[in-house]
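1. Got a predicted structure plus its sequence, pasted below:
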Protein chains: 2
Amino acid sequence: MRLSAALVRGGTSKCWIFHAPDPRRDDWEGVLVRAFGSADPRQIDGVGGATPTTSKAALVGPSAEPGVDVDYTFAQVGIGREVVEWGSNCGNCATAVGLHAVQSGLVAARDDATAVRIRNRNTGALLTVVVPTPGGAAPDGGDGMVPGVTGTGVPVTLSFVDPIGTTTGTLLPAGEPTTALRHGTAPATLVDAGTPAALVDAAALGLTGAEPADALADAIPPLTLLRRQAALAMGLVREDDPVSHAIPKIGVVGPPADYQATDGRTVRAADHDLSVRMLSMHSVHPAIGLTAAVAVAVAATTPGSVPAACPRHHVDPGRVRLGTPAGVVEVRLERDATGAVRAATLRRAARWIADAELNVPEPTLVPAEPVAPPVSA
Amino acid sequence: MRLSAALVRGGTSKCWIFHAPDPRRDDWEGVLVRAFGSADPRQIDGVGGATPTTSKAALVGPSAEPGVDVDYTFAQVGIGREVVEWGSNCGNCATAVGLHAVQSGLVAARDDATAVRIRNRNTGALLTVVVPTPGGAAPDGGDGMVPGVTGTGVPVTLSFVDPIGTTTGTLLPAGEPTTALRHGTAPATLVDAGTPAALVDAAALGLTGAEPADALADAIPPLTLLRRQAALAMGLVREDDPVSHAIPKIGVVGPPADYQATDGRTVRAADHDLSVRMLSMHSVHPAIGLTAAVAVAVAATTPGSVPAACPRHHVDPGRVRLGTPAGVVEVRLERDATGAVRAATLRRAARWIADAELNVPEPTLVPAEPVAPPVSA
């Protein structure tokens, strides 16, 4: 089976983009795991990169919805497991989708800059990516940079439109700005903005939130347990549902602090407003997922929350600077007259890496393990 | 800059293949590190896979040499360093080159099976890859498997033709089958067959040679020091030359033993003749490089060597079965009337993964670090 795709970097992720108007997940799940080589933990027999940020796909097509240009379904493709997680949105891939939509002609370029309006079909989120199009064309490269990547790309902006309550309908699905998880020993803010997220007080786990990523290894098991508690408290799952390691996003937050970024540069406390270390599945995220960045920024401007309680130098309702392992990620918040957040915007970079024709292996006739029928409740 | 390439899996490696008749290394070094995103340790801005087995390229073209079909230059592309190692051959990539040569029409397919004769330009080695071509065409897939990969591919054979002394001109460049490294405490066989290799007695490092790959972590620093001693003893470098982490290949060998392969299966002592754990640069190789497999097999049939001294059930001058972390790799040795090895053959699998057009970034105008002029001796 032959399949056309484009490989595009969006921020700190690599994303394989497939044209698939109105995709059926049942059809695509098998195709993606075989194209990526997911059966193998090193993804050696496919185009996957064997890490969460390099095992991502986007299914895109023109949108039939008024005011929307592109429909986008995000797929987090399994590594060593032949499954796809369909439950979340990926902001980095959305920037790749925005650039690709202009470069491939899916969206007509305007004269100076082109806004691509994208509906994420996993979560219903609406996103806008603004791509520079001098002379009516998107460039192959540019001088845009993001923390965590040494290379440059096309400078784009990514806005999450009306990011509040996309999944649950409300900013604080647990009904309170701080929820006492783990029998009261782990205060956390459970917020739905960009994505459902659980932001745990770093001090409750004996951390500062400004540690190097590899110093967080011991925190992964307790955070995995807290993620389940948070999912229940937010009404995302019921007791009988299987455990998700993707939703909500979870991490620790603390006050700003001088720390050393992964590339060795020192980040000053004065240059950010909050320390953040998030998980990506069972690993510490090398930077921060963009939907999570929106969640943290909105939470930080919500009175009574864990991040709002962190002492900091600047309090600006329109801007929150997050100190991540890779460096500082800034989120701008646009509010309406009532103070409600109507858009959250990040500066990003994206770059087209390759166009490809993939040779997708046929399905294996004998499954590696017997598949048991689902148990109904 | 746009560049056409094919991504082909050869055994346990992924290899990007570029058509480049008569390539100049100076021209290609910069292109490859930018195409792969080597400046970044995660290779997030390019097509590299950020591991030694997924950061490989092959430059191929028709050969002008009588009896040779394809010239092949191997490039081990840097990860987090903008350099290419040009010093070695890669057998896994050679199988990818063989399959690709037939699939791309560089070599005309015959009716049933097609032998592709390949000159490796890094080392001068001659290799033959036999590709099944039923009906005069190479298939897209097949049922071939290799230890360390769950997927299947086109079953091919890879032969190293006249593998003895390719680099140094002689089987035992140190002049003896066992050399006492580290002041006599580390007996090693220094052999040139397929590649220059140093095979250290596992017991000298307190090992068996049958350990899981991650149990070898403590052995990496001493083996790195022994590699330098071996390079000097084999005449590969002089005292003043810079240290190479690629040449010779180094690892430990021990007697066959029951052990658990990486995929969890038990490998029985009766099913292999020798335990082998090799390094790949500064990591334990997840299986074994094929040139190293040839070196170990030839050494195991050389009287007085470290591997020949390991007690084993079967001694067959025509076949050596190597117990690697991923499973058993069998090397068949073809000898002439004098007993000299004329060819070493391995069963492998290869699969075309993708054809691509790469968008290679322009060189950065300002180097990241000041470059000092070379110091002449």
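-> Nice, thanks for sending it over. Numbering: from 1, shown residues only, chains lettered A, B, ... in the order given.

2. As a check, name the ranges of all helices in the stretch 251-377 of chain A.
-> Using DSSP state H, counting those that start in this stretch, the helices of the stretch 251-377 of chain A run over residues A:290-300.

3. Could you list the residues of it in contact with chain B?
-> A:286, A:351-359, A:361-362, A:368 (C-beta under 8 Å from any C-beta of the partner chain). Using the backbone N, CA and C atoms, a C-beta is placed for each residue, glycine as well.

4. ok, and the most crowded of those residues?
-> In terms of neighbours by other C-beta atoms under 10 Å in any protein chain shown, these top out with A:Arg351 at 28 neighbours.

5. Check which helices and strands the longest strand along chain A sits against.
-> Counting residues, the longest strand in chain A under DSSP state E turns out to be strand A:341-359. Secondary-structure packing of strand A:341-359 (3 or more C-beta pairs under 8 Å, 6 or more residues apart in numbering or on different chains; DSSP states H and E): strand A:2-10, helix A:91-103, strand A:154-161, helix A:290-300, strand A:327-335, strand B:341-359.

6. quick check: mean pLDDT across it?
-> Model confidence over strand A:341-359 averages 98 on the pLDDT scale.

7. What strands line up against that strand, and which way round?
-> strand A:2-10 (antiparallel), strand A:154-161 (antiparallel), strand A:327-335 (antiparallel), strand B:341-359 (antiparallel) (DSSP bridges).

8. Relative to B:Val102, which of those is closest?
-> B:Val102 sits nearest to strand B:341-359 of all the strands paired with strand A:341-359, at 10.3 Å, using C-beta to C-beta.

9. For stretch A:337-351, list every residue counted as buried.
-> For stretch A:337-351, the neighbour count (16 or more other C-beta atoms under 10 Å in any protein chain shown) marks A:Val341, A:Ala343, A:Ala344, A:Thr345, A:Leu346, A:Arg347, A:Arg348, A:Ala349, A:Ala350, A:Arg351 as buried.

10. Closest one of those to chain B?
-> The nearest member of the buried residues of stretch A:337-351 to chain B, counting by C-beta to the nearest C-beta, is A:Arg351 at 6.3 Å.

11. What are the neighbouring residues in contact with the closest one?
-> Applying C-beta atoms under 8 Å, 6 or more residues apart in numbering or on different chains to A:Arg351 gives the contacts A:Val8, A:Arg9, A:Leu99, A:Asp140, A:Gly141, A:Gly151, A:Thr152, A:Gly153, A:Val154, B:Asp45, B:Asn359, B:Pro361.

12. quick one: low-confidence parts of the stretch 101-250 of chain A?
-> By pLDDT under 70, the stretch 101-250 of chain A contains no weakly predicted segment.

13. Disregarding residues adjacent in the polypeptide, which is nearest to whatever residue of it ends up closest to chain B?
-> Residue nearest to chain B within the stretch 101-250 of chain A: A:Gly151 (3.4 Å; C-beta to the nearest C-beta). Closest residue to A:Gly151 apart from its sequence neighbours, by C-beta to C-beta, 6 or more residues apart in numbering or on different chains: B:Asp45 at 3.4 Å.

14. what number of residues lie near A:Glu29?
-> There are 17 residues near A:Glu29, going by other C-beta under 10 Å.

15. hmm, I was thinking of A:Gly67
-> Neighbour tally, A:Gly67, other C-beta under 10 Å: 8.

16. Let me know the secondary structure of it.
-> coil (DSSP: H, G, I helix; E, B strand; the rest coil).

17. so it touches A:Ala115, yeah?
-> No: taking contacts as C-beta atoms under 8 Å, A:Gly67 lies outside contact range of A:Ala115: 11.1 Å.

18. Mind picking the two most distant members of the residues of the stretch 251-377 of chain A next to chain B?
-> A:Arg351 and A:Ala368 (36.4 Å).

19. Need the residues that contact stretch A:137-145.
-> A:99, A:102-103, A:109, A:114, A:131-132, A:151-156, A:347-352, B:359, B:361-362.

20. now stretch A:209-223
-> In this structure, residues lying in contact with stretch A:209-223 by C-beta under 8 Å, 6+ apart are A:182, A:186, A:200, A:202, A:205, A:207, A:250-260, A:262, A:274-277, A:279, A:282-286, A:323, A:325.

21. Now do the residue lying closest to A:Thr95 once chain neighbours are set aside against A:Asp112, distance only.
-> Residue nearest to A:Thr95 in three dimensions, not counting chain neighbours: A:Gly10, with 4.0 Å by C-beta to C-beta, 6+ apart. Separation of A:Gly10 from A:Asp112 (C-beta to C-beta, to the nearest Å): 22 Å.

22. So if I had to pick from these two, which one is more boxed in?
-> Shown here are A:Gly10 and A:Asp112; by other C-beta under 10 Å, A:Gly10 has more neighbours (32 against 10).

23. need the contact list for the closest residue to chain B within the stretch 201-350 of chain A.
-> Nearest residue of the stretch 201-350 of chain A to chain B: A:Pro286, at 7.4 Å (C-beta to the nearest C-beta). Residues counted as contacts of A:Pro286 (C-beta under 8 Å, 6+ apart) are A:Thr12, A:Thr53, A:Gly148, A:Ala213, A:Thr262, A:Pro325, A:Ala326, B:Arg42.
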